[in-house]
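Trainee: Can you look at this prediction? I've put the sequence above it.
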Amino acid sequence: MVKQISLLGSTGSIGTQSLDVIRAQGYGVFALAAHSSVEKIEAQIAEFHPRYVTMVDPAAAARLRADLAGMADAPKVLEGPEGLVELAKMDGPDVVLNAVVGIAGLGATLAAIESGHDVALANKESLVTGGHLVTEAVKRHGVKLLPVDSEHSAIFQCLQDTESAKSLTKILLTASGGPFFGMKQAELAGKTKADALKHPNWSMGSKITIDSATLMNKGLELIEAVWLFGLPPEKIQIVVQRQSIIHSMVQFSDNSVLAQLGVPDMRIPIQYALTWPQRCPGPAPELDFTQLKSITFDVADDETFRCLAACKRAIGKGGLAPCAANGANEEAVRLFLEDKIGFLDIGRLVEAVVDSDRFGGSYTLADVYECDRMARQFVLSHL
Ligand code: NDP
Ligand code: MG
């Protein structure tokens, strides 16, 4: 039987690299979803013949339906955030790969898990905003949550020996440091969108590229790691590894450290999530150690990069604090990409939201969305 995948966020950076892996492995595509990139998804439909497609933007869904009219074996087209959730619930795929950006992916992650699907998760915001709900649902439904984020895949790969995994004492979460590594606030003040969109090692969607420049991405990944691997935040040390060759490391009770290495190519962690527990030849090139001059380590500067400091505080507070940090960041990054606020405003606003409330206690999905709405409102009223 050919493995079937439902791919949410198929037109993005992770989505298209996932299709490279799916093509190379000869997997089938049960369903695709995106927001509004009609032309891109039409090319994907022509190649992969999914049975269902969701366009979250209703106008884009209408255009797609019109374009597909009369096509033999055309997929059924769903629309809206409800259409994304409906697609995530459908029986048919062996795994649902969620590569949507932002909290917009949370509902689909939960729906897929609650329908008994294994989920390959690139959408880290699902765990950041609703970590408690997602991990509870995974336990209740007995499904697998397979990390796609390269650092979390590295940690997951290092923990495959279940006997060793029991004595995990520390995670060393690596960070590239982003394009502004080594700079202080005075230099960062004038950084523009064009400066921030130039990542040294990875080519990614615009939101995560800005998150990498502010180190928000590492803060989100710290929170993601707490939920995935069950260690408290003080046992997760962030280590700057400028070349992005070591994708993360784990330490055991005997102080032995294991690392996972490879070229910075997301197709390796994407493929591992899809082929797990097997390993297979894939499209990513091998790491050439003769070309590798050095592997360096540095400390992450959260005095300068306030988003990272804010995320550490948010996971320490618990409850909805990480959700608030995420919502504030999504709104601030949107404003930064529209040239409406400066680079340092992102950290200022995220930190201010985290400090604005205690955020403690348990929460429902409705609470998550309300907290997200309030965090965005807070940002808009503190510009
Ligand atoms: P992109 O911006 O490149 O792609 C985002 C995808 O999500 C697109 O298919 C987009 O559709 C779709 N989308 C956008 N908004 C919505 C919405 N409201 N509802 C449904 N779908 C939507 O992002 P990336 O691929 O870079 O990132 C995706 C996720 O993976 C993020 O959570 C990111 O943090 C994570 N990640 C990314 C890495 C990378 O290398 N890129 C590495 C590790 C993690 P459309 O094209 O129509 O707008
Ligand atoms: Mg990552």
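Mentor: Happy to help now that I have it. Quick caveat, the model's predicted, so the values are computed rather than measured. Ligands and ions are numbered 1, 2, ... in the order given.
Trainee: While we're on the residue in the chain sticking out farthest from the centre, how confident is the model there?
Mentor: In the chain, Gly70 marks the outermost C-alpha relative to the chain mean, sitting 36.7 Å out by C-alpha atoms, centre = their mean. With respect to pLDDT, Gly70 scores 92.
Trainee: Now stretch 144-151: buried residues?
Mentor: For stretch 144-151, a neighbour-count test (16 or more other C-beta atoms under 10 Å) marks 145-151 as buried. (C-beta placed from N, C-alpha, C; glycine too.)
Trainee: ok, which of those residues also contact ligand 1?
Mentor: Applying C-beta under 6 Å from any ligand atom to the buried residues of stretch 144-151, one finds that Asp149 fall near ligand 1.
Trainee: okay, among the buried residues of stretch 144-151, which ones form the most distant pair?
Mentor: Greatest spatial distance among the buried residues of stretch 144-151 (C-beta to C-beta): Leu145 and Ser150, at 16.0 Å.
Trainee: So Phe30, which state does it fall into?
Mentor: strand (DSSP: H, G, I helix; E, B strand; the rest coil).
Trainee: Tell me the residues of this protein that contact ligand 2?
Mentor: For the chain, the contact set with ligand 2 under C-beta under 5 Å from the ion comprises 149-151.
Trainee: wait, doesn't Asp20 sit right on Arg267?
Mentor: Yes: if you go by C-beta atoms under 8 Å, Asp20 and Arg267 touch, sitting 5.7 Å apart.
Trainee: so what's in contact with the two at the same time?
Mentor: Pro283 (C-beta atoms under 8 Å, 6 or more residues apart in numbering).
Trainee: Which helix or which strand is home to the residue farthest from the centre of the chain?
Mentor: Under the criterion DSSP states H and E, no helix or strand holds Gly70.
Trainee: ok, now which ones touch the closest residue in space to Ala165 that isn't next to it in sequence?
Mentor: Distances taken as C-beta to C-beta, 6 or more residues apart in numbering place Leu159 nearest to Ala165, at 4.3 Å, with adjacent residues excluded. Residues near Leu159 by C-beta under 8 Å, 6+ apart: 165, 168, 229, 250.
Trainee: What is the nearest of those to Ile5?
Mentor: Phe229 (24.7 Å).
Trainee: The closest one and ligand 2: what is the separation?
Mentor: Going from Phe229 to ligand 2 by C-beta to the ion, to the nearest Å gives 14 Å.
Trainee: try Gln260
Mentor: Remark: distance between Gln260 and ligand 2 (C-beta to the ion) = 13 Å.
Trainee: Can you tell me the closest non-neighbouring residue to that residue?
Mentor: Here the residue nearest Gln260, using C-beta to C-beta, 6+ apart, is Ala154, at 3.7 Å.
Trainee: Contact partners for the one you found?
Mentor: With C-beta under 8 Å, 6+ apart, Ala154 has these contacts: 174, 246-249, 259-260, 269.
Trainee: Quick check: next helix or strand after the one helix or strand it maps to?
Mentor: Per DSSP H and E: Ala154 is located in helix 150-158. For helix 150-158, the following helix or strand on the C-terminal side (DSSP H and E) is helix 162-165.
Trainee: residues in contact with that following helix?
Mentor: In contact with helix 162-165 (C-beta under 8 Å, 6+ apart) are residues 159, 252, 258.
Trainee: out of the contacts of Leu159, who's nearest Leu320?
Mentor: Nearest member of the contacts of Leu159 to Leu320, counting by C-beta to C-beta, is Phe229, at 21.2 Å.
Trainee: Next, count neighbours for that closest one.
Mentor: 18 (other C-beta atoms under 10 Å).
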